[in-house]
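Novice: the following block contains a protein sequence and its predicted model.
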Number of protein chains: 2
Amino acid sequence: MQPALIRPGLNDAPAQSAHERVYRGLRQQVMHGELNPGTALTLRGIGKSFGVSMTPAREAVRRLTAEGALSLSASGRVTTPELSNERIEELASIRALLEPELASRALRRAHLALIDRMESINEANARAIHNQNPVDYIRTNLEFHRTLYLRAQSPAMLGLLETVWLQLGPTMRMLYTRIRRTTAPPHHRLILEALRAGDDAALRLALRTDVTQGLRHLQV
Amino acid sequence: MQPALIRPGLNDAPAQSAHERVYRGLRQQVMHGELNPGTALTLRGIGKSFGVSMTPAREAVRRLTAEGALSLSASGRVTTPELSNERIEELASIRALLEPELASRALRRAHLALIDRMESINEANARAIHNQNPVDYIRTNLEFHRTLYLRAQSPAMLGLLETVWLQLGPTMRMLYTRIRRTTAPPHHRLILEALRAGDDAALRLALRTDVTQGLRHLQV
DNA sequence: AGGTCAATTTTGTGATCACATTTTTCGATG
DNA sequence: CATCGAAAAATGTGATCACAAAATTGACCT
């Protein structure tokens, strides 16, 4: 197999295991909507594309499957999940439950520097929309939300939410290309205003609508 | 390795893979509080106790680690998690967020047969308390809740909640043996009454207090 | 053309091995 | 008696292999 070619200077974590690299790589592809729903993957293919054997690929797949990022067929085949409309709505309602709570917990700790950072992420988000780039759009949108939620100091809740995002990743890409979004999500402004005003109720409402509204265009 | 000795008649799922058997076995041990926090496990030991090689043991551990049921040390050692007080409270507040919602969704579909079944599970729960049996107590308590939530028809939300239960499993055992519970959890009665009355607000409140109250005795 | 079935290829599973690292053991030393 | 350090044991990681099951292919027949 390939010599794996680790360049320590470029990695955040100094010594990543092979399985960890595969896991992070696949996870990002799924969460950022780089894969369409139903995309088939194979252990040998994953291994080859990361320059490792089947073993670390298998472990990464098990992990991601446990998080709902991938699904296994009865015969063990690996694909990105194809969600039913009911499932999409359920996941959206979980977001609507968790995200206002996380935002509310972050509110008291959200200083101006944080709001400025969110503002600049939101501008990158607008650029992604202008460039019709779905992956950048999804990535910056999640980054906008995560930047806020990190301040909530609630790692378990954020962890749960990220598995929900993971499950929605491929579907979000599909939805994005379907609705051909042309304007920025209107609720990000409301979120920023509520943060600046320190208005908990307005913040919760802004998040609930932001999260819910994006997935209202199903009609499959 | 051992011939694995599968007896199809005794298994619910007809053809379980080795990894699946290990996963289910470990998962139950963790969720039902059969393992104290900080219990060390080894891949070879797990494999031996299930009559399989390291490979399926490793996959099961990866899966359970992804669900928060087990933790990995920096050197890859496997233990059941030892939760900080902050983490316990955070997990409790997640329960307090999800469980009233699941109960509310189940309410309209909760017929009398379901309530009767919950009642009988609650009696088994009382017996477990009388017998000072922590594992039976935890098991029947979770079964009481899960029986209700299954009616919510919200598999993703229930799945998330089960990972929270998993994370709390070893800690619940520790808390149980610490407080030496002697009387039945008072809120199960309130839950049943609210179900019978079809009172959504009362049901939500009963669950929130039931879930929160059990973990108020920390004081580590 | 379309369908059927056998041959072939692809794929996941589980076991085993070599290896590096960590942990434990245990004796020597102060 | 405690502490340090070296030897020994235990452990996780990744690669490879054999095998069975599944999916694909392609020839053949109707």
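Specialist: Right, received. Where do you want to start?
Novice: list the contacts for residue A:186?
Specialist: Not one residue lies near residue A:186 by C-beta atoms under 8 Å, 6 or more residues apart in numbering or on different chains. In this view, the C-beta of every residue, glycine as well, is placed from N, C-alpha and C.
Novice: any idea of the pLDDT on it?
Specialist: Per-residue pLDDT puts residue A:186 at 75.
Novice: report the separation between the nearest residue to residue A:23 once chain neighbours are set aside and residue A:142.
Specialist: Among residues not flanking residue A:23 along the chain, residue A:60 sits closest, at 4.1 Å (C-beta to C-beta, 6 or more residues apart in numbering or on different chains). In this view, residue A:60 and residue A:142 are 20 Å apart by C-beta to C-beta, to the nearest Å.
Novice: give me the more crowded residue out of these two.
Specialist: Between residue A:60 and residue A:142, residue A:60 has the larger neighbour count (other C-beta atoms under 10 Å in any protein chain shown), namely 27 against 21.
Novice: contacting residues for that one?
Specialist: Residue A:60 sits next to A:19, A:22, A:23, A:26, A:46 when contact means C-beta under 8 Å, 6+ apart.
Novice: report the contact partners of the first one.
Specialist: Remark: with contacts taken as C-beta under 8 Å, 6+ apart, residue A:19 is in contact with A:52, A:55, A:56, A:59, A:60.
Novice: any idea how far residue A:161 is from residue B:118?
Specialist: Relative to residue B:118, and taking C-beta to C-beta, residue A:161 is found at 30 Å.
Novice: now do residue A:212
Specialist: In terms of C-beta to C-beta, residue A:212 sits 32 Å off from residue B:118.
Novice: same thing with residue A:202?
Specialist: Taking C-beta to C-beta, one finds residue A:202 at 39 Å from residue B:118.
Novice: between the two, which one's more packed in?
Specialist: With neighbours defined as other C-beta under 10 Å, residue A:202 and residue B:118 compare such that residue B:118 has more, 21 against 15.
Novice: so that one sits against residue B:150, correct?
Specialist: No. With contact defined as C-beta atoms under 8 Å, residue B:118 does not reach residue B:150; the gap is 10.9 Å.
Novice: in chain A, what residue is nearest DNA strand C?
Specialist: residue A:76 (2.5 Å; C-beta to the nearest atom of the strand).
Novice: tell me the SS of that residue?
Specialist: Secondary structure for residue A:76, judged by DSSP: H, G, I helix; E, B strand; the rest coil, is coil.
Novice: count the neighbours of it for me.
Specialist: 9.
Novice: which parts of chain A sit against DNA strand C?
Specialist: Residues of chain A lying close to DNA strand C by C-beta under 7 Å from any atom of the strand are A:41-45, A:54-55, A:58, A:72, A:75-78.
Novice: DNA strand D contacts on chain A?
Specialist: A:1, A:4, A:17-20, A:47, A:52-56, A:59, A:73, A:75, A:77.
Novice: ok, back up a step: and which of the residues of chain A next to DNA strand C is nearest residue B:172?
Specialist: If you rank the residues of chain A next to DNA strand C by distance to residue B:172 using C-beta to C-beta, residue A:72 comes first, at 29.7 Å.
Novice: and residue A:218, what pLDDT?
Specialist: Residue A:218 is assigned 57 on the pLDDT scale.
Novice: again with residue A:82
Specialist: For residue A:82, pLDDT reads 95.
Novice: ok, which residues in chain A are in contact with chain B?
Specialist: Within chain A, the positions lying close to chain B (C-beta under 8 Å from any C-beta of the partner chain) are A:58-59, A:62-68, A:87, A:90-91, A:93-94, A:97-98, A:101, A:154-157, A:159-160, A:163-164, A:167.
Novice: can you show me the strands along chain A?
Specialist: A:40-41, A:71-72, A:78-79 (DSSP state E).
Novice: export those strands as a markdown table, with columns for mean neighbour count.
Specialist: Below are the strands of chain A laid out as a markdown table (neighbours: other C-beta atoms under 10 Å in any protein chain shown):
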| stretch | mean neighbour count |
| --- | --- |
| strand A:40-41 | 15 |
| strand A:71-72 | 14 |
| strand A:78-79 | 18 |
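Novice: which of those strands sits closest to residue A:197?
Specialist: strand A:71-72 (42.4 Å).
Novice: low pLDDT regions in chain A?
Specialist: Filtered on pLDDT under 70, chain A yields the residue ranges A:1-15, A:180-184, A:216-220.
Novice: now it against chain B: closest residue?
Specialist: Per C-beta to the nearest C-beta, the residue of chain A with the smallest distance to chain B is residue A:66, at 3.9 Å.
Novice: show me chain A divided up by domain.
Specialist: A:15-79, A:85-213 (automatic domain parsing).
Novice: fine by me, we can end here.
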